[in-house]
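[1] need coordinates for the below:
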Amino acid sequence: MKKKTLRSYISSFGLVIAAYAFCMFYMNNGMSRTLKGQLIPICSYVVMALSLNLVVGISGELSLGHAGFMSVGAFSGVIVSGWMLNGLAIESESLRLLCALVGGGLCAGVAGFLIGIPVLRLRGDYLAIVTLAFGEIIKSVINCVWVSVDGSKLAFAFNSNNVPGKILINGPQGAVKVDKIATFTGGFLLVLFALLVIMNLVHSHTGRAIMASRDNRIAAESVGISVMKYKTIAFVTSAVLAGMAGALYGLSISTFAPSKFDFNQSINVLVFIVLGGIGNLVGGMISATVLTILPEKLRAFNDYRMLAYAVVLILVMIATNSRSVKNFVSSLTAPLKKARKGDAEHA
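    Alright, predicted model coming up:
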């Protein structure tokens, strides 16, 4: 493994592990109840940022329907968990959470594959518009679905509430009386898993082919790279991770409706990766964490909370694109880069 690749692995995983250790220490030493409640959603949104970065930053395609895959994973995860508890009498929360994450990821992956086949033949704005439409279609379909557990079987109904047994998905009301089994440790492990999958993919032959297709499609096709194949791999992998993030999120709250995963949700995730730097995995994780906590910290402004959030976001975007700010950051990191260069020359 190259030194540069190894260094990127160490820095990325080290950041996540350090953040986990800090949160666990803080939880045992006076963390507020509000912040504790945000830890699992933060993990979910970090995975969402990582998964969308794979499409937008690594693959070079603009997707505006990522919340659709999150919703598929969320509702699939609730169904799997509810069926295991009420239909199969499996009470182990860890096993149910694991199966829910896997089930949510697989269902979202199937949806991503079916959507990716026609969608990835398009480019640019056309691709963004179609992915946005598919995200809205998924939300509308889930609005019309009722799911219940009847004995050891699942009962499904479309556009009808005539389902026997214990209801898990109640049409427009969404998931009701969810058994909240998601944990911060489970979310932390999911972040590590998503980071491992994406970094291994990026530094593999497949990842190099994906980036070659992004940089120059014609040149990639001229040397025998199947652009459609590799973009589909990136898109489906991203959908699977988004579905797992959705399952984690869905099992952390008691009730949620399909309207939760609308166009605004997709834009929020896109803001995470734009603010953190397109293609920058660590930056995306940090911005997802900060922008998830920020609206809650601004609740003191009451009616002006979202206005203050928007102003802060605009100021941060201006600062990150300012040449003077970039020069200031470069001057701070210059000694560290010089030291690394000296170590490399001695080695």
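
[2] tell me what whatever helix or strand residue 156 lives in is packed against?
    Following DSSP states H and E, the helix or strand that holds residue 156 is strand 153-158. If you count contacts as 3 or more CB pairs under 8 Å, 6 or more residues apart in numbering; DSSP states H and E, strand 153-158 packs onto strand 145-150. (C-beta placed from N, C-alpha, C; glycine too.)

[3] how far off centre is the strand it packs on?
    For strand 145-150, the gap between its own C-alpha mean and the chain's C-alpha mean amounts to 27 Å (CA atoms, centre = their mean, to the nearest Å).

[4] contacts for the strand holding residue 156 next, please.
    Judged by CB atoms under 8 Å, 6 or more residues apart in numbering, the contacts made with strand 153-158 from elsewhere in the structure are 79, 83, 87, 144-149, 163-165.

[5] and if we set it to 7 Å?
    79, 83, 87, 144-148, 163-165 (CB atoms under 7 Å, 6 or more residues apart in numbering).

[6] how about stretch 101-119 as PDB, C-alpha atoms only?
    Once non-C-alpha atoms are left out, stretch 101-119 reads as follows in PDB (Å, rounded to 0.1, in the frame of the first residue of the first chain):
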ATOM      1  CA  LEU A 101     -29.400  -2.300   8.400                       C
ATOM      2  CA  VAL A 102     -28.600  -5.100   5.900                       C
ATOM      3  CA  GLY A 103     -32.300  -5.300   4.800                       C
ATOM      4  CA  GLY A 104     -32.500  -1.500   4.400                       C
ATOM      5  CA  GLY A 105     -29.300  -1.400   2.400                       C
ATOM      6  CA  LEU A 106     -30.300  -4.300   0.100                       C
ATOM      7  CA  CYS A 107     -33.700  -2.800  -0.700                       C
ATOM      8  CA  ALA A 108     -32.200   0.600  -1.400                       C
ATOM      9  CA  GLY A 109     -29.500  -1.100  -3.500                       C
ATOM     10  CA  VAL A 110     -32.200  -2.800  -5.600                       C
ATOM     11  CA  ALA A 111     -34.000   0.500  -6.000                       C
ATOM     12  CA  GLY A 112     -30.700   2.200  -7.000                       C
ATOM     13  CA  PHE A 113     -29.900  -0.500  -9.600                       C
ATOM     14  CA  LEU A 114     -33.400  -0.200 -11.200                       C
ATOM     15  CA  ILE A 115     -33.200   3.500 -11.200                       C
ATOM     16  CA  GLY A 116     -29.500   3.600 -12.300                       C
ATOM     17  CA  ILE A 117     -30.100   1.600 -15.500                       C
ATOM     18  CA  PRO A 118     -32.100   4.300 -17.300                       C
ATOM     19  CA  VAL A 119     -30.900   7.300 -15.400                       C
END
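
[7] can you get me a residue count around residue 199?
    Neighbours of residue 199 under the rule other CB atoms under 10 Å: 18.

[8] ditto for residue 205
    9.

[9] let's see the helix or strand where residue 72 lies as PDB, backbone CA atoms only.
    Assigned by DSSP H and E, residue 72 falls within helix 66-86. Coordinates of the C-alpha atoms in helix 66-86 are reproduced here as PDB (Å, rounded to 0.1, in the frame of the first residue of the first chain):
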ATOM      1  CA  HIS A  66     -30.700  10.700  -2.500                       C
ATOM      2  CA  ALA A  67     -33.300  11.100   0.200                       C
ATOM      3  CA  GLY A  68     -35.400   8.600  -1.800                       C
ATOM      4  CA  PHE A  69     -32.900   5.800  -1.000                       C
ATOM      5  CA  MET A  70     -32.700   6.900   2.600                       C
ATOM      6  CA  SER A  71     -36.500   6.600   2.800                       C
ATOM      7  CA  VAL A  72     -36.400   3.100   1.300                       C
ATOM      8  CA  GLY A  73     -33.900   2.000   3.800                       C
ATOM      9  CA  ALA A  74     -35.700   3.600   6.700                       C
ATOM     10  CA  PHE A  75     -39.100   1.900   6.000                       C
ATOM     11  CA  SER A  76     -37.400  -1.400   5.100                       C
ATOM     12  CA  GLY A  77     -35.500  -1.400   8.300                       C
ATOM     13  CA  VAL A  78     -38.600  -0.700  10.400                       C
ATOM     14  CA  ILE A  79     -40.400  -3.600   8.600                       C
ATOM     15  CA  VAL A  80     -37.500  -6.000   9.100                       C
ATOM     16  CA  SER A  81     -37.100  -5.100  12.800                       C
ATOM     17  CA  GLY A  82     -40.900  -5.200  13.400                       C
ATOM     18  CA  TRP A  83     -41.300  -8.600  11.700                       C
ATOM     19  CA  MET A  84     -38.400 -10.100  13.600                       C
ATOM     20  CA  LEU A  85     -39.900  -8.900  16.900                       C
ATOM     21  CA  ASN A  86     -43.600  -9.500  16.400                       C
END
